[in-house]
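Asks: predicted structure and sequence below. I'll ask about it afterward.
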Amino acid sequence: MRKFIFWLSIALVIVFLVFFGMWMDFNEAQSSILRWMRSDQGLLDGLFWIADNTGSDVVIIAWWDYGVGIEEISHRRVVISETSREIKWTIAGMRKYPWSWIEYELWYPFESDERVRDVGRFFSAEDASEAIEIARKYGSEYVFVVYPDDIMKFYAMVMAAGKQPSEYLGESKADTEEEMIREIESREIIKKETIGIRLIYGDDTEGFEKVFDNGRVKIYKIIE
């Protein structure tokens, strides 16, 4: 009996240490997102602009990757700050290690499927009135987009909306990051000029007034 208790205790300690290590790794990954945003001056300038030039009660619509930064640095609410279970495999951290998916299943605060789906529909909408209606559903007054990052994230946005990414973006032929940037700059991979695409590229878009643009971040006020 004593031997059984001894080995059971050892097993429990090992299990505890494994899960504690996984929890530490997960929290480090979550913290690194905010550190990344703080280290990117272009992003930081956009976040500070929101803090300095919008009311404290405004809601920002942005892709989920920037939600934590908007909440923690700009101190404003967002429509989504995490992704949903429906598109969980678009989270890079889920594929970091073979066991990373376990960490996310245990501790990741998944966002509402409906909210993430609606934000995906906002960015993939081809009609301004449809996009604005979605934004108004959540009381959103501003849109926050990042170039060129959000073009690369557009696949996930379209997937979240329940649509086929291949109908919106062509297949990249780039072998390097520089080639990818050239593809994005030339718009050669863009198949549909959605509201999200137009906002990311900085095009004049009915119903949206550009209030901030530093080449990296663009912020729009919804005026319709």
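Replies: Now that the structure is in, tell me what you want to look at. Just so we're clear, the structure is a prediction, and the values are computed from it rather than from any experiment.
Asks: how near is residue 47 to residue 125?
Replies: 25 Å (Cβ to Cβ, to the nearest Å). Using the backbone N, CA and C atoms, a C-beta is placed for each residue, glycine as well.
Asks: between those two, who's got more neighbours?
Replies: Using other Cβ atoms under 10 Å as the criterion, residue 47 and residue 125 rank with residue 47 on top: 25 against 19.
Asks: and the helix or strand hosting the more buried one, what's buried?
Replies: Secondary structure from DSSP states H and E places residue 47 in helix 41-53. Residues of helix 41-53 classed as buried: 43, 44, 46, 47, 49, 50 (neighbour count, 16 or more other Cβ atoms under 10 Å).
Asks: go on, stretch 183-190?
Replies: Those would be 183, 184, 189, 190, for stretch 183-190 by 16+ other Cβ under 10 Å.
Asks: same check on stretch 100-109?
Replies: Across stretch 100-109, burial judged by 16+ other Cβ under 10 Å covers 100, 101, 103, 104, 108.
Asks: helices of the chain, start to end?
Replies: Assigned by DSSP state H, the helices in the chain fall at 2-39, 41-53, 67-69, 100-107, 113-124, 128-137, 149-152, 154-160, 177-186, 195-201.
Asks: and the last one, C-alpha only, in CSV?
Replies: As requested, C-alpha coordinates have been extracted for helix 195-201 and formatted as CSV (Å, rounded to 0.1, in the frame of the first residue of the first chain):
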residue,chain,number,x,y,z
ILE,A,195,-15.0,47.0,-47.5
GLY,A,196,-12.2,45.5,-45.4
ILE,A,197,-9.8,45.5,-48.3
ARG,A,198,-10.6,49.1,-49.2
LEU,A,199,-10.1,50.3,-45.6
ILE,A,200,-6.8,48.3,-45.2
TYR,A,201,-5.4,49.9,-48.4
